[in-house]
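Asker: Build me a structure from this.
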Amino acid sequence: MKIKMFCNFCGKTLETDLLEGKTRQVCEACGEVYYENPLPVASVILPNRDREIILVKRAREPFKDMWCCPIGFAETGESIEDAALRELKEETGIEGAITRLVDVSTHKNAFYGDLLIVSFEAEKVGGTECPGDDAGECRYFPVKGLPRLAFDSQEAAVQKFIELNKDLWNMHDSFETLIEGTVKNRIVYPGNLLSDELVKAVQNNSKRIVELWLDDITTNPSTRAYHCVDKGDLFSKAMFIMGQFETWLKGEKGEGELKAFYVELGSLRYRGGVPMEELVSSLSILKKHIWMFTYSFGVWEKAVDMYRMFELGERLVYFFDKAAYYTVMGYNQND
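Answerer: From the prediction side, this is the model:
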């Protein structure tokens, strides 16, 4: 690192002195103290919709031919955010907008001394990708498949960027899987969903949920016919449903088995004199208790937790819609 030799104000020689508990440079003539502060550096992580981020290949030393995020020094009179967007434009041709702060770190450079590196996440609002300034090339890379970056500070910032976006990406993936299953009119899904852990919790607490359901339907005005139905029979039927719930949702039980069970249930309730509307109500009440049980786990503070509840609710709707359809089918077969 270069050492300042002369005073900027009077041109006299600088000496060293112990001030405020630290060795500092002081002008021997005018007494001006030179405080060595870290140089501010702006770095930008700009992703696209495919979870790739843009990198530039350095055309100059240091770290020539290595990849890095757009980065550069802030200039006098320029905010650190403006510096980040300027570097982005100069090195990639992209006009961006800052979306959030990702990381702040310090780094000691052999030439420049101490650096204060501020890393932002940005989004593209204009421009066309084209390398410029001291960048020999610019290209998008998968965020989880990046080449080694020139600067350790950017390696750390990218990991924080991934962590900050993890929940959002997981929600997006889960929602896409949910849509893929429901658009195809299925009640099973071609992949893992965030609400699977809630489904597992429902499975593990089946007995308690059925007990709550049984107390409800044997006293609820909308299911009067069930007030006289044998509770042991109701309990066993409900436990069977709960026992099969997870396997049906995950596709481990076929549509034929689901249909057969609920058609038989509808026929059984017809023979027992249960009105159709009360039969459908009993299924809705079971759905309610499954959802309310998972809600009782606690206050959902994270967006991903609220999404899990939403997703489970949607899965319950599709599952019990199918169950009600087959139950009514079995009921009507006796007319």
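Asker: mind checking the longest helix of the chain?
Answerer: helix 152-183 (DSSP state H).
Asker: If you count contacts, what does that helix end up packed against?
Answerer: Packing partners of helix 152-183 (3 or more C-beta pairs under 8 Å, 6 or more residues apart in numbering; DSSP states H and E): strand 39-45, strand 94-109, strand 113-127, helix 303-332. Every residue, glycine included, has its C-beta placed from N, CA and C.
Asker: Just the buried residues of it, please?
Answerer: Neighbour counts over helix 152-183 (16 or more other C-beta atoms under 10 Å) mark 153-154, 156-158, 160-161, 165, 170-171, 174-175, 177-178, 181 as buried.
Asker: Distance from stretch 220-231 to the middle of the chain?
Answerer: How far stretch 220-231 lies from its chain's middle: 44 Å, per C-alpha atoms, centre = their mean, to the nearest Å.
Asker: So for it, what gets flagged as buried?
Answerer: Those would be Asn220, Thr223, Ala225, Tyr226, Val229, for stretch 220-231 by 16+ other C-beta under 10 Å.
Asker: repeat for stretch 305-315
Answerer: Asp305, Tyr307, Arg308, Met309, Phe310, Glu311, Leu312, Gly313, Glu314, Arg315.
Asker: per-residue confidence averaged over it?
Answerer: Per-region confidence: stretch 305-315 scores 91 on mean pLDDT.
Asker: what's it in contact with?
Answerer: 171, 174-175, 178, 182, 187, 193-195, 197-199, 249, 291, 294-295, 300 (C-beta atoms under 8 Å, 6 or more residues apart in numbering).
Asker: what about burial for these, which qualify?
Answerer: Applying 16+ other C-beta under 10 Å to those, the neighbour count classes 171, 174-175, 178, 187, 193-195, 198-199, 249, 291, 294 as buried.
Asker: Contacts for stretch 212-230 next, please.
Answerer: In contact with stretch 212-230 (C-beta under 8 Å, 6+ apart) are residues 231, 234-235, 238, 272-275, 277-278, 281-282, 285-286, 289, 293.
Asker: Can you give me the end-to-end span of that stretch?
Answerer: This stretch, stretch 212-230, spans 16 Å end to end (C-alpha to C-alpha, to the nearest Å).
Asker: How far off centre is it?
Answerer: With C-alpha atoms, centre = their mean, you get 41 Å for stretch 212-230.
Asker: ok, the contacts of stretch 212-230 vs Asn8, which is closest?
Answerer: Asn8 lies nearest to Phe293 out of the contacts of stretch 212-230, by C-beta to C-beta, at 71.3 Å.
Asker: is it true that the closest one touches Val210?
Answerer: No - contact status for Phe293 versus Val210: not in contact, 10.4 Å apart, counting by C-beta atoms under 8 Å.
Asker: ok, these two, which is more surrounded?
Answerer: Counted by other C-beta atoms under 10 Å, Phe293 and Val210 do not tie: Val210 has more neighbours, with 22 against 18.
Asker: re earlier: which of the contacts of stretch 212-230 lies closest to Cys69?
Answerer: Nearest member of the contacts of stretch 212-230 to Cys69, counting by C-beta to C-beta, is Phe293, at 46.0 Å.
Asker: For Ala323, see how far away the nearest residue to the closest one once chain neighbours are set aside is.
Answerer: Excluding the flanking residues, the one nearest Phe293 by C-beta to C-beta, 6 or more residues apart in numbering is Ile209, at 5.1 Å. Distance of Ile209 to Ala323, computed by C-beta to C-beta, to the nearest Å: 15 Å.
Asker: for Asp17, same thing?
Answerer: Taking C-beta to C-beta, one finds Asp17 at 83 Å from Ala323.
Asker: more neighbours, these two?
Answerer: Shown here are Asp17 and Ala323; by other C-beta under 10 Å, Ala323 has more neighbours (24 against 13).
Asker: Now for the closest residue to that one other than its chain neighbours: which residues touch it?
Answerer: In space, Ala323 comes closest to Tyr262 once its chain neighbours are excluded; the distance is 5.1 Å by C-beta to C-beta, 6+ apart. Contact analysis of Tyr262 by C-beta under 8 Å, 6+ apart lists Ala323, Tyr326, Thr327, Met329, Gly330.
Asker: same thing but at 6 Å, please
Answerer: Residues near Tyr262 by C-beta atoms under 6 Å, 6 or more residues apart in numbering: Ala323, Tyr326, Thr327.
Asker: Give me the lowest-pLDDT entry from the residues you listed.
Answerer: Least confident of these in the model: Ala323, at 92.
Asker: so the longest helix of the chain versus strand 94-109, what angle?
Answerer: 140 degrees (axes from the mean of the first three to the mean of the last three C-alpha atoms, to 10 degrees).
Asker: the inter-axis angle of helix 152-183 versus strand 113-127?
Answerer: Angular relation of helix 152-183 and strand 113-127 on a 0 to 180 degree scale: 30 degrees, by the same axes, to 10 degrees.
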